[in-house]
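Q: Return a 3D structure for these sequence lines:
(one chain, ligands or ions: 2)
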Amino acid sequence: MIERASLTKEGTDFRCGFVALVGKPNVGKSTLLNTIMGRKISIVTPKPQTTRNRILAVKNLENAQIIFLDTPGIHKPKIELNRRMVRMAFQAIGEADVVVVMVEANAPFEEEAKVIEEIEKITKPPILLINKIDLIRNKSELLPIIKEYDDRFNFAEIIPISALLADGIDRVMNEIIVRLPNSPPMFPEDMISDRAERFFVAELIREKIILKTKQEVPYSVAVDIEMWEESENLFRIGAIIYVEKESQKGIIIGKKGERLKEIGILARQDIEKLLGCKVYLELWVKVQPYWRRDPVALRRLGYEDI
Ligand code: GDP
Ligand code: MG
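A: Ligands and ions are numbered 1, 2, ... in the order given. The predicted structure is shown next:
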């Protein structure tokens, strides 16, 4: 739990608080966070379970500081890594002043409902965002979807949005702000996240691997930054890509190293944008059998238990 710091700001109507962004995997939570922040803070892929850690993002506005907690999607966990991921999501709900639940407009209602039932047990009525409305051609189809959620649950607000196209976001921000407590800001204004650059670099590499591999490989990958040297206008970064099996190592490296090279080029381009300077990126692939089930390996790779 993060304590309220004693930073002061003139004026009494300043609002500040924590907002947990929760929902099933793949509904668009990280996309919304990136849209609100105006930059990529959380990696996004078409595959579920892309977000593994709780990611904190600080949005500074004229009269408010909103501290978003992006969370891994809520699902039925089978192995230790996933159990930790789901616990993180529920912990964020417990810490939040405002809980925002996201569902997909096109998703089967009963599947979304199961997750909402879990959430409503532990928090006051959340704000519901029905995302991906850009995929609904006929807007009249939205009304019965909204009604279904409204009939079954008690939400503070129901807001249809498109996180991708930034549609409906102003209303989301307003509804969040009016529910935040009066409080001075808790973070300095130039701080947008509690994560260091290294974390974002490792995540960008992991994003490219997820995008370029299939089946179980994306889920079996962890990235650890091993070398980080800054010299004049150049960052030298070395990262180890951990997989669980020898066969996965082969897949990531590819024929004559082609896939690893491609992953490296894509990651380097994004890392250069992030750091604002030239980057020399070196990648190694190592097998760490069943790291996703091993508490010691999980801790070392940054997936702390909570
Ligand atoms: P998360 O697992 O909830 O964090 O979901 P992500 O933000 O990683 O998004 C999962 C996928 O849904 C990605 O392919 C996104 O591009 C896509 N997506 C997210 N928001 C929207 C949206 O508003 N419209 C459409 N069409 N796709 C979206
Ligand atoms: Mg995510």
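
Q: Show me which residues of the chain sit near ligand 2.
A: For the chain, the residues in contact with ligand 2 (C-beta under 5 Å from the ion) are 29, 30, 51. Every C-beta, even on glycine, is put in place using the N, C-alpha and C of the backbone.

Q: top of these by neighbour count?
A: With neighbours taken as other C-beta atoms under 10 Å, the top of the residues of the chain next to ligand 2 is residue 29, carrying 31 neighbours.

Q: What pLDDT does the model give that one?
A: You'll see residue 29 listed with a pLDDT of 96.

Q: Tell me, how many residues neighbour the residue nearest to it when sequence neighbours are not counted?
A: Of all residues not flanking residue 29 in the chain, residue 21 sits nearest, at 4.7 Å (C-beta to C-beta, 6 or more residues apart in numbering). Neighbourhood size, residue 21 [other C-beta under 10 Å]: 29.

Q: Just the residues of the chain next to ligand 2: which are in strands?
A: Here DSSP state E is the test, and those give no hits in strands at all.

Q: Let's have those residues in a markdown table, adding distance to residue 71.
A: As requested, those are exported to a markdown table (distance: C-beta to C-beta, whole Å):
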| residue | distance to residue 71 |
| --- | --- |
| 29 | 7 |
| 30 | 10 |
| 51 | 7 |
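
Q: Let's see which of those end up in helices.
A: Counting by DSSP state H, the residues of the chain next to ligand 2 place 29, 30 in helices.

Q: Looks like residue 240 contacts residue 284 (just checking).
A: Yes: Residue 240 lies in contact with residue 284 (C-beta atoms under 8 Å); the separation is 5.0 Å.

Q: Identify the contacts common to these two.
A: residue 226 (C-beta atoms under 8 Å, 6 or more residues apart in numbering).

Q: Settle it for me: which of those two has more neighbours?
A: With neighbours defined as other C-beta under 10 Å, residue 240 and residue 284 compare such that residue 240 has more, 19 against 13.

Q: and the more buried one, backbone torsions?
A: Phi and psi for residue 240, reported as degrees, to the nearest 10, are phi -100, psi 130.

Q: What residues are bridge-paired with it?
A: With DSSP bridges as the criterion, residue 240 is bridged to residue 224, residue 284.

Q: distance of it from ligand 1?
A: 24 Å (C-beta to the nearest ligand atom, to the nearest Å).

Q: what does residue 257 give?
A: Counting by C-beta to the nearest ligand atom - residue 257 and ligand 1 are separated by 28 Å.

Q: does the residue nearest to residue 29 count as helix, strand or coil?
A: strand (DSSP: H, G, I helix; E, B strand; the rest coil).

Q: Now do the contacts for it.
A: With C-beta under 8 Å, 6+ apart, residue 21 has these contacts: 29, 32, 33, 68, 69, 70, 71, 92, 100, 102.

Q: let's go with 10 Å and repeat that
A: Neighbouring residues of residue 21 by C-beta atoms under 10 Å, 6 or more residues apart in numbering: 27-30, 32-33, 36, 42, 51, 54-55, 57, 68-71, 89, 92, 96, 98-102, 129.

Q: I'd like to know which of those residues are buried.
A: Buried positions within these, assessed by neighbour count (16 or more other C-beta atoms under 10 Å), are 27-30, 32-33, 36, 42, 51, 54-55, 57, 68-71, 89, 92, 96, 98-102, 129.

Q: What about ligand 1: which of these touch it?
A: Contacts with ligand 1 within those, counted by C-beta under 6 Å from any ligand atom: 27, 28, 29, 30, 51.

Q: And for the fourth one, nearest residue in space, chain neighbours not counted?
A: Computed as C-beta to C-beta, 6+ apart, the closest residue to residue 30 that is not its neighbour in sequence is residue 42, at 3.7 Å.

Q: looking at it, the one you found is touching residue 163, isn't it?
A: No: with contact defined as C-beta atoms under 10 Å, residue 42 does not reach residue 163; the gap is 11.4 Å.

Q: so what sits against both of the two?
A: Joint contacts of residue 42 and residue 163 (C-beta under 10 Å, 6+ apart) are 29, 30, 31, 32, 33, 34.

Q: what's near enough to touch the fifth one?
A: Think residue 33. 19, 21, 39-42, 44, 51, 55, 57, 59, 68-70, 163.
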